[in-house]
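Visitor: what's the 3D shape of this:
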Amino acid sequence: MTTPSVGIGTAFVGREREMVTLREMLAAARAGQGSVALLVGDPGIGKTRTAEELAARARETGAIVRWGHCFEGEGAPAFWPWVQVLRSHVHERAAQTLARELGRDAAVIAQIIPEVRERLPRLPAPPSSSDNVAVTPLPHFAE
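Guide: Numbers count the residues shown, from 1 in each chain. Have a look, this model is predicted:
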């Protein structure tokens, strides 16, 4: 999946307050304090453009930027935006780097993102359903 890019020379106005907050969150994330921002509102008010602007600023600081989109109809797969984000990450990272980033959670993630097992074929077998495995946050992956 490609990441949207901001058009050259296009003005971005009217979201100064939001961008200040988002830039502060970006700086905190770069310093190791992650958080989540949700851009919500009616169609056409600039959510995607705001995210594109933040992504451009993040790339300027050397951050890796990934995108996922919500399905606007019924029947979306579970975790769909996160599946898209992780899938693009899996495809764009070197196998050795990916293995290090996913660490011990790689086999669990591979159950949701089959491409992980394709890129890392020596993963252990996934836990069986009788193991009562729950998907847990991956703090080391988000570092």
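
Visitor: Show me the domain layout of the protein.
Guide: What automatic domain parsing lists as the domains of the chain is 1-65, 68-143.

Visitor: okay if I get those domains as TSV plus mean pLDDT and mean neighbour count?
Guide: Every residue, glycine included, has its C-beta placed from N, CA and C. Formatted as TSV, these follow (pLDDT from 0 to 100; neighbours: other CB atoms under 10 Å):
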stretch	mean pLDDT	mean neighbour count
domain 1-65	84	12
domain 68-143	81	13
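
Visitor: Which helix or which strand is home to Met25?
Guide: Element membership for Met25 (DSSP states H and E) is helix 16-30.

Visitor: Quick one: distance of that helix to the chain centre.
Guide: 17 Å (CA atoms, centre = their mean, to the nearest Å).

Visitor: 653 is where my numbering starts, stick with that
Guide: Right, with 653 as the first residue, what we last looked at is helix 668-682.

Visitor: who does it touch, helix- and strand-wise?
Guide: helix 699-712 (3 or more CB pairs under 8 Å, 6 or more residues apart in numbering; DSSP states H and E).

Visitor: Now the very next helix or strand once past the helix it packs on - C-alpha only, PDB.
Guide: Using DSSP H and E, the helix or strand that directly follows helix 699-712 along the chain is helix 732-744. The C-alpha atoms that make up helix 732-744 are tabulated as PDB, following Å, rounded to 0.1, in the frame of the first residue of the first chain:
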ATOM      1  CA  TRP A 732      -8.900  -4.000   9.200                       C
ATOM      2  CA  PRO A 733      -7.000  -0.700   9.500                       C
ATOM      3  CA  TRP A 734      -4.300  -2.400  11.600                       C
ATOM      4  CA  VAL A 735      -4.000  -5.300   9.200                       C
ATOM      5  CA  GLN A 736      -3.300  -2.800   6.400                       C
ATOM      6  CA  VAL A 737      -0.700  -0.900   8.500                       C
ATOM      7  CA  LEU A 738       1.100  -4.100   9.500                       C
ATOM      8  CA  ARG A 739       0.900  -5.600   6.100                       C
ATOM      9  CA  SER A 740       2.600  -2.600   4.500                       C
ATOM     10  CA  HIS A 741       5.200  -2.700   7.200                       C
ATOM     11  CA  VAL A 742       5.900  -6.400   6.600                       C
ATOM     12  CA  HIS A 743       6.400  -5.800   2.900                       C
ATOM     13  CA  GLU A 744       8.700  -2.800   3.300                       C
END
